[in-house]
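Undergrad: for reference, the sequence and a predicted model appear below.
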Amino acid sequence: MDMGEVIALLLALQERPPRPKLKSFNEAVVEVMKSYPADGTHDYYWPRGSGWEGTTQDLVYAGRKIASGDPKRRCYCCGLTFEVFFKAYEKHCADRGAGFKIGTLDANDLHEFRLRWFGASSNGDRRKLCEEAVVSYRLGRRIERIEDARPGDFVQLWRRDGSGHSVIFVEWKVEGGKIAGITYWSTQKATKGIGVHTEKFGETKGVDRDQLHIVRVVPP
């Protein structure tokens, strides 16, 4: 290749449009969240003690149905956040031109992963739920400092009354320059199904700040 050809090649490379920046997994999560209507289409429903998966649609992975969608398109918190994780991972793979594969998980692994996400497995810490699933399968990391949370992180929160909730982080509620609560996306009675809601921290009631399990998915 002579000098003229080298210069022509360099000029061609300069004129080539830059490749679009690939979105982070958190950005994929937020995009999937925004695709759900917040008008009551997906009502909140939690039949305590049942084996219902709580997803709005069938989730099929490696030829196996991992969760069955509710005929009325209802959902509850763990089912919905797991569904968003599943769909965001599918989108993450598609954006990179890759086949849909969640880390190194096969269908059996993903079934156990879902049970841990729901706190229904006999393995792992049943208080951490989404964090337990993601970290134990090496698909991400725990966020140690709440100040480091970002939109699209998954959170298992616990309240002072012992109740819990599986949510996706949106932002912190700040009062007087201090973090006083959490704004999140999930499905709950307060929003009559899918929507954004805020809860405050408290010493005797509200969310227990010390019982926030925040995890960020970082695909290997």
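TA: Now that the structure is in, tell me what you want to look at. These numbers were taken from a predicted model, which means no experiment stands behind them.

Undergrad: show me the contacts for the residue nearest the centre of the chain.
TA: The residue at the geometric middle of the chain, judged as the C-alpha nearest the mean C-alpha position with C-alpha atoms, centre = their mean, is F85 (4.2 Å). F85 sits next to V29, W117, C130, F154, V217 when contact means C-beta atoms under 8 Å, 6 or more residues apart in numbering. C-betas here are computed from N, CA, C, even on glycine.

Undergrad: show me what contacts the last one?
TA: Pointing back at V217 there. Shown here is V217, whose contacts under the criterion C-beta under 8 Å, 6+ apart are F25, N26, V29, F85, A88, Y89, V134, L139, G140, F154.

Undergrad: what bridges to it?
TA: According to DSSP bridges, G140 are recorded as the beta-bridge partners of V217.

Undergrad: per-residue pLDDT, it?
TA: Reading off the confidence values, V217 has pLDDT 98.

Undergrad: quick one on the thing from earlier: give me the subset of the contacts of V217 lying in helices.
TA: In this view, the contacts of V217 that belong to helices under DSSP state H are F25, N26, V29, F85, A88, Y89, V134.

Undergrad: distance of the closest residue to the first one other than its chain neighbours from C130?
TA: For F25, ignoring the flanking residues on the chain, the nearest one in space by C-beta to C-beta, 6 or more residues apart in numbering is V217 at 4.9 Å. Distance, V217 to C130, using C-beta to C-beta, to the nearest Å: 9 Å.

Undergrad: could you export the contacts of V217 as CSV, including pLDDT and distance to L110?
TA: Written out in CSV, the entries for the contacts of V217 read as follows (pLDDT from 0 to 100; distance: C-beta to C-beta, whole Å):
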residue, pLDDT, distance to L110
F25, 97, 17
N26, 98, 21
V29, 98, 17
F85, 98, 11
A88, 98, 14
Y89, 98, 10
V134, 98, 12
L139, 98, 11
G140, 98, 15
F154, 98, 16
